[in-house]
Structure formats: structure tokens, C-alpha cells
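Peer 1: got a structure for you, letters missing:
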């Protein structure tokens, strides 16, 4: 398979460090990133441990960590940068998504315009 022309997702160093910490001492394939319907803006990001890599999963390796993109979420996450932030009120992963068109007031859900098939094909190379 040809190398992608641009990364499907990227991670900041803080996100990579946090994924590495979460993966330590776990016998899993990686951290799965996805989206689900719900919330007042329409969608929310999901994170889960992946026991195995599925045949249609996209595997992103960045900064020596592995993130698995759920195939149903690919069109919504194309070009997204995953970050991990800590502030006085808490910590968590955040997503800088160029496809995001809005968010609810509480920050729990987002509106995302899916990437086109052509954009996905270009990313895959």
C-alpha cells in the first residue's frame, strides 16, 4: 500500500505521552478513536481500548504510539490533531478538527462536516 500523502490524524507530544501512559502494561492493540451520534450539537468524540485491529481500521502511528481510527469515523476525523490538555478543572484529550463546524455550549458535543471520498482517497495515497 502506498504511503499516505498527508496524515489521517496527528498527535501532539502531550497526546502521544498520554497515550503511551495509558497503553503501558496493557496487552491491547492500541487506542481507538471514533465519533458517535449524540449531544446537542450532533456528535461526540469517543476513545476506547482496542483489543484488535479490524480489517477496515486505519492505523495511525505518530511519535511512537499507535492510534486506531474507527472506519466509520474516518470521514469525520480526517486531518484532525489530537491533543491532551490539563488545566485547573481537569484534563483530557481534545481534538483540533478542520471538519468541525460547531460545538455545543458545554463542549461535550460537536457538529462535523464529513470529508469527501476524494479527500479520504488522497490521504490514503
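Peer 2: Yep, it's here. Since this is a predicted model, take the numbers as computed values, not measurements. Residues are numbered from 1 along each chain as shown.

Peer 1: give the contact list for residue 101.
Peer 2: Contact analysis of residue 101 by C-beta atoms under 8 Å, 6 or more residues apart in numbering lists 111, 112, 113. (Glycine included, C-beta is placed from N, CA and C.)

Peer 1: list the contacts for the last one?
Peer 2: Contacts for residue 113 (C-beta under 8 Å, 6+ apart) come out as 99, 101.

Peer 1: Quick check, pLDDT for it.
Peer 2: At residue 113, the model reports a pLDDT of 77.

Peer 1: if we can go back for a sec, which ones among the contacts of residue 101 are found in helices?
Peer 2: Taking DSSP state H as the definition of helices, the contacts of residue 101 contribute nothing to them.

Peer 1: Out of the residues you listed, which is nearest to residue 36?
Peer 2: For residue 36, the closest of these turns out to be residue 112, at 11.4 Å, with distances computed as C-beta to C-beta.

Peer 1: In this structure that closest one contacts residue 95, no?
Peer 2: No: using C-beta atoms under 8 Å as the test, residue 112 is too far from residue 95 to be in contact (9.7 Å).
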